[in-house]
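Undergrad: Predicted coordinates and the sequence they were generated for:
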Amino acid sequence: MCGIAGAVGPNAKADLVNKMSLMQKHRGPDSSHRWSDKHCYFAMERLSIVDLTSGTQPYFNEDKNIIVIFNGEIYNHKELRNSLLSKGHKFNSDHSDGEVIPHLFEEYGYEMPSFLEGMFSIALWNSKSEELLLVRDHFGIKPLYYLKSNYSLFFSSEINPLLKSSQESFELNHHEIDNYFNLGHSSSPNTVYQNIKQLEPATYLIYKNNIISQHLYWTPKQEIKNFDLEKNSRSLLSLIEQSVSQKLESDVEVGSLLSGGLDSSIVTSIASKISEDRLKTFNLYYPDLVLEGKDSDAMWARKLSKTLNVEHFEIPMTHNDLTSNLPKIISAFAEPFAGVTSTFFISEFISKHVKVALTGDGSDEMFGSYFFHRLGAILDKSDVTESDILNILGVSQNDFEIFKSQTSEIDRRMASMKSFEGDVCDYYSANFKESIGFARNPKKQTIKVLDRAMRGADFGKKNLDHALWMDFHELLPNEVLPFVDRLSMSWSLELRPVYLTKEIYELSTSVPSNQKISGLTNKLILKNAAKQLLPAELIHRKKEGFVLPVSEWLKFDIKDWALVVLSPDKTNQHGFWDSEKVYRLIKDYDSLNHRKAKLIWKFIVFQIWWENFYLEAK
């Protein structure tokens, strides 16, 4: 695990790449390494996890004409090493996972990424052909950004170094800002900066002679073919056990997040049985609020930790922690990000005890949990009634009519923004609307983003599977995994998402949708798999998710602070929205309206990003 940076081309300079790398020292505080060849410069900051003594980078093949730096973990490196040894390859390290990469490329060329299992972003220089290869893992767990400038290509694990690597002025991408206001994040391959891009998941990029070409190396299978719930549940449990076992492999101690929900409880239960050390577990709670769901989370995490005999830690977080640390949190992304930020606070605490921890991220997007998943499951019913919507989802008859009138999941997503959160475009300034062509084609860019997320989807007319496919290809890589990586690596902590393996994902797409959500039961197949691990009360209890109680804090504790942040004299400086209208939105906020709070939070985050990061970066 580390931060990587590099540059190729006539404007690549050793001192510049060194500066880029040092800006990511929080990603790898244990050691720094540099390498150069003609107009190619590589740098990395290492967080030592595997092969602590001989696992330094870069890695080479025997002839040293293939050079690799990478960020992440290769979980099947032992099997790959043995296979390569049988083909005559020789290794310098004892068991460094990344050293298999240059040898795999030497053996298989651009098919190399398809052999890897893990989370990774890779930079490979082929000195014979003078080609740079950049690779990102199947799900987008590890980030990789790049910038093409003046016949050179610059890359890094984070955006911040790229902002310092060029003399260009970094113009904002107004369409991506519109996307942020709608979805709460930017969407790959774009960022809010016009000329900074991010490599998409399951993709490799070749840079040669100042030309970029990109290729998708993995397209997940979608064929629904397994209909036996019990058999599928056993297969799923076996795959989760294999994944936990893989992710416990480390030369440093590994802990586990334990929220009290299903996903992390399954992971922790398995890990506690096979970990060589007494497992350390961690739970975040809010001491200044009485929240039935969150209090229940803490209670179940505490109860399960005693049953499993793990060493359990509870980490308090208050509204003051959030407001005082928000500029630092936003700086970790270098662009506005309105997703979950709790990971920042729990990671700070965990990093004082272990270097690595397991998480349950990815399960929701595979097996069905969110609002749109539940809505899709209900819309898939042949006998769906309006009372189903009203009673189960808590939406109005008018909202239901809007959803029924739409013909595609993309349109439903668009309708949802207007029906449930309030149309953010109503708050845009006239100038911003003009800059994104709103009058000519409202929300064209956001629909385009979601359409890209749906590429390759082929589930007939199943709304649930379309909703899952969309969230897996849009929400997961662009919101969930960024907060997992950026906020944990701010504290030099490696988080390993257990559910994100090719095998688990392809199993999830091979089972019928009613094994994911059936009636009122979410994640049916996962709950069925957990029967032999966890008590029924825990499996079937209602779980809120790992989210901040922003709606509660906005009503009581941070409203005055928010009014200062969104005061018109400040927000008028950039002119993206109607300042008086946004100010009234927060001033009139007096009920626990989660959707309205989410909209307010997007404005708050953007304003703090603008003042504390963008203006300084310029």
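TA: Okay, I see it.
Undergrad: Quick one, grab the pLDDT at the closest residue to residue 150 other than its chain neighbours.
TA: Here the nearest residue to residue 150 in space, its sequence neighbours aside, is residue 11; by CB to CB, 6 or more residues apart in numbering that works out to 4.9 Å. No exception for glycine: its C-beta is placed from N, CA and C like everyone else's. At residue 11, the pLDDT value in this model is 88.
Undergrad: And the longest helix anywhere in the chain, what's buried?
TA: When the chain is parsed with DSSP state H, its longest helix is helix 229-247. Within helix 229-247, the residues that qualify as buried by neighbour count (16 or more other CB atoms under 10 Å) are 229, 232-233, 235-237, 239-244, 246-247.
Undergrad: Can I get those residues in TSV including pLDDT and distance to residue 135?
TA: Formatted as TSV, the buried residues of helix 229-247 follow (pLDDT from 0 to 100; distance: CB to CB, whole Å):
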residue	pLDDT	distance to residue 135
229	96	37
232	97	32
233	97	34
235	97	29
236	98	28
237	98	31
239	98	24
240	98	26
241	98	28
242	97	24
243	98	21
244	98	25
246	96	20
247	97	20
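Undergrad: Which of the residues you listed lies at the shortest distance from residue 298?
TA: The nearest member of the buried residues of helix 229-247 to residue 298, counting by CB to CB, is residue 244 at 23.2 Å.
Undergrad: how much space between the closest one and residue 117?
TA: Distance, residue 244 to residue 117, by CB to CB, to the nearest Å: 14 Å.
Undergrad: which intervals of the stretch 351-500 of the chain have sub-threshold pLDDT?
TA: Within the stretch 351-500 of the chain, the ranges that satisfy pLDDT under 70 run 382, 384-422, 439-461.
Undergrad: Grab the most central residue of this structure for me.
TA: Of all residues in the chain, the one closest to the mean position by CA atoms, centre = their mean is residue 481, 1.1 Å from it.
Undergrad: you'd agree that one is in a helix?
TA: Yes - assignment of residue 481 by DSSP: H, G, I helix; E, B strand; the rest coil places it within a helix.
Undergrad: end to end, how far does stretch 554-574 reach?
TA: Stretch 554-574 has its terminal residues 24 Å apart, counting by CA to CA, to the nearest Å.
Undergrad: rewinding a little: and the residue nearest to residue 150, which of the three is it?
TA: Assignment for residue 11 (three-state DSSP): coil.
Undergrad: burial of it, as a residue count?
TA: Residue 11 is flanked by 17 other residues according to other CB atoms under 10 Å.
Undergrad: Number the residues from 12 up from this point.
TA: In the new count, where the first residue is 12, that last one comes out as residue 22.
Undergrad: the bottom helix or strand of this protein by mean pLDDT?
TA: Within the chain, judged by mean pLDDT, DSSP states H and E, the helix or strand with the poorest mean is helix 420-427; its value is a mean of 41.
Undergrad: Quick one: the helices in the stretch 62-211 of the chain, in order.
TA: Remark: helices assigned in the stretch 62-211 of the chain by DSSP state H, counting those that start in this stretch are 88-97, 111-119, 170-174, 185-194.
Undergrad: now those helices in JSON lines, with mean pLDDT, mean neighbour count and distance to residue 17?
TA: Output for these, formatted as JSON lines (pLDDT from 0 to 100; neighbours: other CB atoms under 10 Å; distance: least, CB to CB, whole Å):
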{"stretch": "helix 88-97", "mean pLDDT": "96", "mean neighbour count": "16", "distance to residue 17": "22"}
{"stretch": "helix 111-119", "mean pLDDT": "97", "mean neighbour count": "23", "distance to residue 17": "15"}
{"stretch": "helix 170-174", "mean pLDDT": "94", "mean neighbour count": "23", "distance to residue 17": "10"}
{"stretch": "helix 185-194", "mean pLDDT": "91", "mean neighbour count": "22", "distance to residue 17": "25"}
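Undergrad: quick one: buried residues of stretch 289-303?
TA: Quick answer for stretch 289-303 (16+ other CB under 10 Å): 290-297, 300.
Undergrad: Can you tell me the closest non-neighbouring residue to residue 18?
TA: In space, residue 18 is closest to residue 165, 4.7 Å off (CB to CB, 6+ apart).
Undergrad: Same question for residue 68.
TA: residue 80 (4.9 Å).
Undergrad: Could you report the distance from the one you found to residue 543?
TA: 43 Å.
Undergrad: Kindly report the same for residue 252.
TA: Taking CB to CB, one finds residue 252 at 11 Å from residue 543.
Undergrad: One more: residue 102?
TA: Taking CB to CB, one finds residue 102 at 40 Å from residue 543.
Undergrad: More neighbours: those two, which one.
TA: Neighbours of residue 102 and residue 543, each counted by other CB under 10 Å, are more numerous for residue 102; the result is 17 against 10.
Undergrad: Strands of the stretch 262-411 of the chain, start to end?
TA: 265-268, 291-296, 322-327, 367-370 (DSSP state E, counting those that start in this stretch).
Undergrad: what's the closest of the ones you listed to residue 190?
TA: strand 367-370 (26.2 Å).
Undergrad: which other helices and strands contact that closest one?
TA: strand 265-268, helix 273-285, strand 505-508 (3 or more CB pairs under 8 Å, 6 or more residues apart in numbering; DSSP states H and E).
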